[in-house]
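In: output the structure for:
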Amino acid sequence: MKTILIVEDEEPIRELVKLNLSMVGFDTLEAEDGEKALEIIKTKALDLVVLDIMIPKINGYELLPHIIERDIPVILLTAMDSLKDKVKGLNLGADDYITKPFEGMELIARINALFRRSDKEDSIKKFDNIEIHEDKRRVFKDGEEVELTPKEFELLKLLVDNKGIALSREKILELIWKYEYEGNTRTVDMHIQRLRHKLDTDRIKTVYKIGYRLE
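Out: As a prediction, this is how the structure comes out:
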């Protein structure tokens, strides 16, 4: 199920958008100002942002770079209807633009069309309540972002890509640290321990005298 953030300071409009999206099966999060929106954008796994431009604290134009850098699609929602405003939003990286007043079905149609074009699902891998966003190099547990180092991310991706297969410590060391690394397999053990702790999972199993496996 896809999650959409609705950023709109007018509560009736925000609730109307939420109702329309919920009716067709989308999960929604809400923010009434730019500061709250930015907090959600930085910490939650989002598939799309419906963004009003004229919002308090941080306006939509200022929010756009933070959304774009996380590779999250954006539909601008605003009362502004001049060509100049539309062009500015699109030039800043927005994927689409819809002006108020609008029909709920039009917004849903635009969202579905955007999802078909972006086709983000192929770059997301999941197990249990954990999501690995490969293109964005971000990991989420129960919708909350888990901060991993680059090597921890690569190690997790390797385990997920080889789910059910026992990988030796030597093989992991070779694939993740390459031949440039002159350390020992204890490095692998320490990174596995940190992954288990950060993800709070028991799915990464120790294979006696061999290495590790994701079950």
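
In: from Asp96, how far out is Ile72?
Out: If you measure Ile72 against Asp96 using Cβ to Cβ, to the nearest Å, the figure is 13 Å. Heads up, the C-betas are built off the backbone N, CA and C, glycines and all.

In: what do you get for Glu145?
Out: Between Glu145 and Asp96 the distance, using Cβ to Cβ, works out to 26 Å.

In: so for the two, which sits in the more crowded spot?
Out: Asp96 (19 against 15; other Cβ atoms under 10 Å).

In: tell me which residues touch the residue nearest to the more buried one when sequence neighbours are not counted, please.
Out: In this structure, Asp96 finds its nearest non-sequential neighbour in Ile75, 4.6 Å apart by Cβ to Cβ, 6 or more residues apart in numbering. Shown in contact with Ile75 (Cβ atoms under 8 Å, 6 or more residues apart in numbering): 48-51, 94-98, 107, 110-111, 114.

In: from the residues you listed, pick the one nearest Ile132.
Out: Proximity to Ile132 was ranked across the contacts of Ile75 by Cβ to Cβ; first place goes to Leu48, at 19.2 Å.

In: just the pLDDT for that closest one.
Out: Note on Leu48: pLDDT of 93.

In: quick one: buried residues of the least confident helix or strand in the chain by mean pLDDT?
Out: Taking all helices and strands of the chain together, the one with the lowest average confidence (mean pLDDT, DSSP states H and E) is helix 83-91, at a mean of 79. Along helix 83-91, the positions that meet the burial threshold by neighbour count (16 or more other Cβ atoms under 10 Å) are 85-86, 88-89.

In: mind putting these in CSV, distance to Ser123 included?
Out: What follows is the buried residues of helix 83-91, written out as CSV (distance: Cβ to Cβ, whole Å):
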residue, distance to Ser123
Asp85, 32
Lys86, 29
Lys88, 29
Gly89, 25
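
In: so who does the residue nearest the centre of the chain touch?
Out: By Cα atoms, centre = their mean, the mean C-alpha position of the chain lies nearest to Ala45, the distance being 3.7 Å. When contacts are counted by Cβ under 8 Å, 6+ apart, Ala45 touches 3, 131, 133, 138, 140, 143, 145.

In: so the last one sits right up against Arg137, yeah?
Out: It refers to Glu145. No: using Cβ atoms under 8 Å as the test, Glu145 is too far from Arg137 to be in contact (11.3 Å).

In: ok but Lys125 is inside a helix, no?
Out: No: assigned with DSSP: H, G, I helix; E, B strand; the rest coil, Lys125 falls outside any helix and is strand.

In: report the contact partners of it.
Out: If you count contacts by Cβ under 8 Å, 6+ apart, Lys125 has them with 131-132, 134, 157, 160.

In: rewinding a little: of the contacts of Ala45, buried ones?
Out: When the contacts of Ala45 are checked against 16+ other Cβ under 10 Å, the ones flagged as buried are 3, 131, 133, 138, 140.

In: check what pLDDT the spatially closest residue to the third one that is not a sequence neighbour gets.
Out: Counting by Cβ to Cβ, 6+ apart, the nearest residue to His133 once its immediate chain neighbours are dropped is Ile124, at 5.5 Å. pLDDT, the model's per-residue confidence, is 79 for Ile124.
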